[in-house]
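Engineer: only geometry, no sequence info:
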């Protein structure tokens with residue numbers, strides 16, 4: 001018997017395995033759309049600032065009270081797209097309540113979508129759900145452009161877009177199962193880096209292009225193109241296939257990956273079956289054993305803390321320049337700088353040590369923010385704002401790493417559902433953060449105290465978490481339990497000319513067909 005994880009490592013174990021870099025690039029590039037769309041749509045539905053252009057407009061009166069105004073008498077200073085959006089949908093009068101509902105509906109739809117998407121991916125497979133979901137997601141984005149001047153249709157499209165964004169949001173599960181151990185770190189960073197570039201892409205488009213319908217069309221181009229590439233050139237996850245006892249399809253997927261890497265794949269033993277139980281659902285994470293239950297609860301608290309600290313510190317950064325779009329572009333650039341730091345930290349400090357270091361950094365940032373020193377160190381920046389900005393960067397590093405780490409601990413048969421529950425818990429943290437900020441009016445520094453306590457708690461709890469560096473992904477709850485309890489040693493696989501895998505000479509004309517002997 002040969003383990004599937006070892007086979008995946010061997011058929012990709014070249015210095016620069018073509019399939020790995022192709023797969024990571026293609027899957028990550030779909031996030032240019034997934035990062036840009038929510039930013040663009042949120043900007044449109046959250047900006048109501050306006051200024052007068054002519055003497056017919058009175059800036060001291062409410063815009064809705066000035067019934068004699070035309071579109072030429074006033075404008076929105078945020079961007080050309082926002083200005084046209086406000087005037088096309090007439091949302092500046094009579095729809096004030098819709099703004100808050102529309103803005104939050106996207107994230108509500110996302111939370112429901114990722115829960116359903118994770119469950120469906122575990123049951124029906126990663127590949128099919130991802131590429132079909134991407135195309136449906138693009139259609140819901142286009143619904144915004146086709147809503148004409150009906151703001152209610154726009155709102156429905158907004159909810160559906162959020163739902164489908166969450167549905168395909170578990171795409172990292174698919175990527176992580178196809179990525180070999182030594183490249184999982186860089187794959188995660190490329191994944192998150194592309195999402196940040198997508199946010200920058202959405203911000204720039206919405207700032208310079210006037211027609212928001214055209215922006216929607218331009219935004220979905222990356223997802224449509226790379227979604228098609230996924231459908232045609234990237235196979236189903238062999239791990240998912242083997243867990244679901246589809247051995248012939250598993251061999252076919254392995255053969256395809258080996259051929260892509262120009263590797264001769266000769267399998268003369270059966271692949272070690274991954275035994276699962278009929279009741280192995282996401283709920284079994286809490287009931288299978290004390291160690292899996294403890295690990296799952298720590299993950300949920302860790303995700304909640306990551307989101308809460310990220311948004312709690314972000315809200316205290318405030319306006320950096322004053323313009324909504326320019327502020328976001330600056331934040332995106334900061335996120336882009338974070339990714340190389342994240343890669344180096346995870347590579348040399350390993351997963352758990354880096355996460356605990358981030359916990360310390362967020363705690364220190366919260367303590368500094370509580371220092372009552374309001375004098376500006378730089379123009380527009382006092383100690384609180386500088387520390388909050390640094391803490392936000394650290395929280396971003398923490399968030400990215402916990403995403404990678406969670407996918408490496410959860411077993412294949414519930415990885416999609418488990419990651420979906422963790423992501424939904426993170427949304428609770430982002431919902432709580434604004435209310436804690438408001439609580440500062442009752443007692444100063446409640447927000448920073450909460451960040452301090454939650455960061456210290458995570459630092460302590462990670463004392464009982466396993467290190468996953470150099471280890472194969474667990475396929476079942478039993479393998480997860482062994483990993484958590486420290487029974488799994490490093491599984492780094494070296495490339496050897498064995499009977500299982502043979503590396504082809506670059507000048508060889510040998511046939512690439514695979515001979516499988518059961």
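Structural biologist: Yep, it's here. Since we're looking at a predicted model, the values are computed, not measured.

Engineer: how about the strands in the stretch 51-200 of the chain?
Structural biologist: 51-52, 74-75 (DSSP state E, counting those that start in this stretch).

Engineer: wait, I meant the chain
Structural biologist: 51-52, 74-75, 263-267, 376-378, 381-382, 501-503, 515-516 (DSSP state E).

Engineer: hmm, back to that, please identify the most buried of the strands of the stretch 51-200 of the chain.
Structural biologist: strand 74-75 (a mean of 20; mean count of other CB atoms under 10 Å). Any C-beta I mention is one placed from the backbone N, CA and C, and that applies to glycine too.

Engineer: Would you list the strands that that one pairs with, along with their directions?
Structural biologist: strand 51-52 (antiparallel) (DSSP bridges).

Engineer: Could you give the average pLDDT over the strand it pairs with?
Structural biologist: Averaging pLDDT along strand 51-52 yields 76.

Engineer: go on, stretch 373-380?
Structural biologist: Mean predicted lDDT for stretch 373-380 stands at 71.

Engineer: With stretch 210-223 instead?
Structural biologist: The pLDDT scores in stretch 210-223 average 86.

Engineer: ok, residues contacting that stretch?
Structural biologist: For stretch 210-223, the surrounding residues in contact (CB atoms under 8 Å, 6 or more residues apart in numbering) are 29-30, 32-34, 36-37, 40, 44, 80-81, 83-85, 134, 137-138, 141-142, 144-146, 198, 201-202, 205-206, 209.

Engineer: Make a ChimeraX selection of whichever of those turn out to be buried.
Structural biologist: A single ChimeraX command selects the buried members of the contacts of stretch 210-223 (16 or more other CB atoms under 10 Å):
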select :29,30,32,33,34,36,37,40,44,80,81,83,84,85,134,137,138,141,142,144,145,198,201,202,205,206,209
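
Engineer: Narrow the contacts of stretch 210-223 to those in helices?
Structural biologist: Using DSSP state H, the members of the contacts of stretch 210-223 that fall in helices are 29, 32-34, 36-37, 40, 44, 80-81, 83-85, 134, 137-138, 141-142, 144-145, 198, 201-202, 205-206.

Engineer: on that earlier part again, possible to save the strands of the chain as CSV with distance to residue 286?
Structural biologist: Formatted as CSV, these follow (distance: least, CB to CB, whole Å):
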stretch, distance to residue 286
strand 51-52, 55
strand 74-75, 54
strand 263-267, 37
strand 376-378, 48
strand 381-382, 45
strand 501-503, 39
strand 515-516, 39
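
Engineer: Can you pull out the low-pLDDT segments for the stretch 101-250 of the chain?
Structural biologist: Applying pLDDT under 70 to the stretch 101-250 of the chain flags residues 101-103, 148-149.

Engineer: Helices of the stretch 201-350 of the chain, start to end?
Structural biologist: Ranges of helices within the stretch 201-350 of the chain are 212-233, 238-243, 247-260, 284-287, 290-317, 324-349, based on DSSP state H, counting those that start in this stretch.

Engineer: right, so of the strands of the stretch 51-200 of the chain, which gets closest to residue 12?
Structural biologist: In terms of CB to CB, the element of the strands of the stretch 51-200 of the chain nearest to residue 12 is strand 74-75, at 54.7 Å.

Engineer: Just say which of the helices of the stretch 201-350 of the chain is most tucked in.
Structural biologist: Most buried of these, by mean neighbour count (mean count of other CB under 10 Å): helix 238-243, with a mean of 26.

Engineer: which outside residues touch it?
Structural biologist: Contacts for helix 238-243 (CB under 8 Å, 6+ apart): 4-5, 8, 125-126, 177-178, 247, 249-250, 253-254, 257, 271, 273-274, 276, 412-413, 473, 475-476.

Engineer: again, only this time at 6 Å
Structural biologist: Contact with helix 238-243 is made by 4, 125-126, 177, 249-250, 253-254, 274, 276, 412-413, 475, as judged by CB atoms under 6 Å, 6 or more residues apart in numbering.

Engineer: and if you look at stretch 113-123?
Structural biologist: 129, 163, 166, 167, 169, 170, 416, 417, 420, 423, 424.

Engineer: Can you tell me, leaving aside adjacent residues, what's nearest to the fourth one?
Structural biologist: To tie it back to what came earlier, the one meant is residue 167. residue 117 (3.6 Å; CB to CB, 6 or more residues apart in numbering).

Engineer: What is the burial count for the one you found?
Structural biologist: Neighbour count for residue 117, taken as other CB atoms under 10 Å: 27.

Engineer: Just the buried residues out of the contacts of stretch 113-123, in ChimeraX syntax.
Structural biologist: A single ChimeraX command selects the buried members of those (16+ other CB under 10 Å):
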select :129,163,166,167,169,170,416,417,420,423,424
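
Engineer: Using CSV, please lay out the contacts of stretch 113-123 together with distance to residue 153.
Structural biologist: Formatted as CSV, those follow (distance: CB to CB, whole Å):
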residue, distance to residue 153
129, 27
163, 16
166, 21
167, 21
169, 24
170, 28
416, 31
417, 32
420, 28
423, 28
424, 27
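
Engineer: Among the contacts of stretch 113-123, which one sits closest to residue 382?
Structural biologist: Distances from residue 382 to those, taken by CB to CB, are shortest for residue 423, at 34.0 Å.

Engineer: quick one: that closest one and residue 107, what's the gap?
Structural biologist: For residue 423, the distance to residue 107 equals 11 Å [CB to CB, to the nearest Å].

Engineer: got it, and residue 11?
Structural biologist: 40 Å.

Engineer: With residue 456 instead?
Structural biologist: 28 Å.

Engineer: try residue 407
Structural biologist: Distance from residue 407 to residue 107, by CB to CB: 22 Å.

Engineer: Just tell me which of the helices of the stretch 201-350 of the chain ends up closest to residue 452.
Structural biologist: Using CB to CB, those put helix 290-317 closest to residue 452, at 9.6 Å.

Engineer: what angle sits between the closest one and helix 324-349?
Structural biologist: 140 degrees (axes from the mean of the first three to the mean of the last three CA atoms, to 10 degrees).

Engineer: Can you pull the phi/psi pair for the residue nearest to residue 1 when sequence neighbours are not counted?
Structural biologist: Nearest residue to residue 1, sequence neighbours excluded (CB to CB, 6+ apart): residue 272, at 4.2 Å. Backbone geometry at residue 272, expressed as degrees, to the nearest 10, gives phi -60, psi 120.

Engineer: Just the pLDDT for residue 272.
Structural biologist: 71.

Engineer: thinking again about what came up before, closest one of the contacts of stretch 113-123 to residue 306?
Structural biologist: Of the contacts of stretch 113-123, the one sitting nearest to residue 306 (CB to CB) turns out to be residue 423, at 10.5 Å.

Engineer: distance of the residue lying closest to that closest one once chain neighbours are set aside from residue 303?
Structural biologist: For residue 423, ignoring the flanking residues on the chain, the nearest one in space by CB to CB, 6+ apart is residue 114 at 5.2 Å. Counting by CB to CB, the gap from residue 114 to residue 303 is 12 Å.

Engineer: ok, now residue 473?
Structural biologist: 19 Å.

Engineer: Kindly report the same for residue 381.
Structural biologist: 30 Å.

Engineer: before we move on, the earlier item: more neighbours: residue 407 and residue 107, which one.
Structural biologist: residue 407 (24 against 16).

Engineer: ok, now how distant is the spatially closest residue to the more buried one that is not a sequence neighbour from residue 32?
Structural biologist: Spatial nearest neighbour of residue 407, excluding adjacent residues (CB to CB, 6+ apart): residue 176 at 4.3 Å. According to CB to CB, residue 176 and residue 32 sit 20 Å apart.

Engineer: Equivalent analysis for residue 352, please.
Structural biologist: Taking CB to CB, one finds residue 352 at 32 Å from residue 32.

Engineer: same question, residue 125
Structural biologist: 24 Å.

Engineer: same question, residue 232
Structural biologist: For residue 232 relative to residue 32 (CB to CB), the value is 19 Å.
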